[in-house]
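1. Provide a 3D model corresponding to the input given below.
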Amino acid sequence: MEYLGYLASIIIGLSLGLIGGGGSILTIPILVYLFKVDPELATSYSLFIVGATSLFGGYNHYKLGNLDLKTALYFAVPSIISILIIREVIFPQIASTLFTVASYAVSKNLLIMIVFSVLMIAASISMIKDRTTVVKNPKTNFVQLGIIGFLVGIVTGFLGAGGGFLIIPALLFFANLPMKQAVGTSLLIIFINSAIGFAGDLYIGTPVDYAFLLLISSIAAVGLLIGVQLSKRIDGHKLKPIFGWFVLIMGIYIITKEVFF
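-> Residues are numbered from 1 along each chain as shown. The predicted model follows:
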């Protein structure tokens, strides 16, 4: 299963390079089901992998002039606040076993996977619809941008997911950015959020296998480079709905496996 996991890790970067998002939504299932990482630890590992891959992609966009630093900071600062609240205050207080119904125990790990599968299904619907036309505000609305940043931070903090499928539409609509700048700026925001979340986990003593994380991140980075090259020949908007169906099937599979098996 590990070899399949290494192969699947390429998809994390491949999707980021091709469609500007979606890769981080696959990281948790790959870690949990293919590498047998505990779901709670997988949220920490996901922050490192997603952050490292986003940093690599963001640097490439920086060289192309596709980063809006001011917008990124207005979005990232509220995200950082909510990430720290979730990971350092709320998350550690959640009991390993939440409650028991008859002989069925609802655990913290089960909650993580169920919430994550719901997020996957929501993300997949967004990708399948693939709304390429966005009615933009005439000027940047930094207040609403900050509110969305706070909400994305909750998602990142609880699940270790970058939330690119939420960030990019927000940057298009509320920050009035063109698509290429939205993708580049989104990668920078994801890196900042992930780095802060992972640093917080290190502070509370989360065990880390750096050799494993660097290996998976490197494989994902290779996938990102391949995706960037393919994006020059393939229209990412055409691939997005196909990828969305794949994520939808995975989301349904996770719910089915966790609840019934």
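2. Buried residues in stretch 55-69, which are they?
-> By neighbour count on 16 or more other Cβ atoms under 10 Å, the buried set for stretch 55-69 is Leu55, Phe56, Gly57, Gly58, Asn60, His61, Asn66, Leu67, Asp68. Just so you know, the C-beta spots here come from the backbone N, C-alpha and C atoms, and that holds for glycine as well.
3. Out of those, which is nearest to Ile86?
-> Nearest to Ile86 among these, counting by Cβ to Cβ, is Leu55 at 21.6 Å.
4. The closest residue to that closest one other than its chain neighbours: helix or strand, and which one exactly?
-> Once flanking residues are discounted, Leu55 sits nearest to Phe191: 4.4 Å by Cβ to Cβ, 6 or more residues apart in numbering. Here Phe191 sits within helix 179-203, counting by DSSP states H and E.
5. Give me the mean pLDDT for the helix or strand just after that helix.
-> Remark: after helix 179-203, the chain's next helix or strand is helix 210-231, criterion DSSP H and E. In this model, helix 210-231 has an average pLDDT of 88.
6. In the helix or strand following helix 210-231, which residues are buried?
-> Sequence-wise, the next helix or strand downstream of helix 210-231 (DSSP H and E) is helix 236-260. By neighbour count on 16+ other Cβ under 10 Å, the buried set for helix 236-260 is 236, 239-240, 243-244, 246-248, 250-251, 254-255, 258.
7. Please work out the average pLDDT along helix 236-260.
-> Averaging pLDDT residue by residue across helix 236-260 gives 79.
8. how big is the angle separating the helix or strand in which Thr53 is found from helix 236-260?
-> Taking DSSP H and E as the criterion, Thr53 maps to helix 39-63. Here helix 39-63 runs at an angle of 170 degrees relative to helix 236-260 (axes from the mean of the first three to the mean of the last three Cα atoms, to 10 degrees).
9. who's in contact with Asn60?
-> Val228 (Cβ atoms under 8 Å, 6 or more residues apart in numbering).
10. what's the distance between it and Gly13?
-> 11 Å (Cβ to Cβ, to the nearest Å).
11. What of Gly157?
-> 23 Å.
12. ok, now Val89?
-> Distance from Val89 to Gly13, by Cβ to Cβ: 32 Å.
13. Could you check how many residues crowd around Asp209?
-> 12 (other Cβ atoms under 10 Å).
14. Quick check: the gap between it and Thr43.
-> Taking Cβ to Cβ, one finds Asp209 at 15 Å from Thr43.
15. Check Ile112 too.
-> 7 Å.
16. same question, Tyr33
-> 15 Å.
17. neighbour count winner among those two?
-> In this view Tyr33 and Thr43 are compared by other Cβ under 10 Å, and Thr43 has more residues nearby, 28 against 19.
18. Keeping just the C-alphas, turn stretch 27-45 into CSV.
-> Extracted C-alpha coordinates of stretch 27-45, given in CSV (Å, rounded to 0.1, in the frame of the first residue of the first chain):
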residue,chain,number,x,y,z
THR,A,27,-3.6,14.4,1.5
ILE,A,28,-5.5,13.1,4.6
PRO,A,29,-7.0,10.1,2.8
ILE,A,30,-3.6,9.2,1.3
LEU,A,31,-1.9,9.4,4.7
VAL,A,32,-4.7,7.6,6.6
TYR,A,33,-5.6,4.8,4.2
LEU,A,34,-2.4,4.2,2.2
PHE,A,35,0.3,5.0,4.8
LYS,A,36,-1.8,4.0,7.9
VAL,A,37,-1.2,7.3,9.7
ASP,A,38,-3.4,8.0,12.7
PRO,A,39,-6.1,10.6,11.5
GLU,A,40,-5.2,13.1,14.3
LEU,A,41,-1.5,12.9,13.4
ALA,A,42,-2.4,13.0,9.7
THR,A,43,-3.9,16.5,10.2
SER,A,44,-0.4,17.7,11.4
TYR,A,45,1.4,15.8,8.6
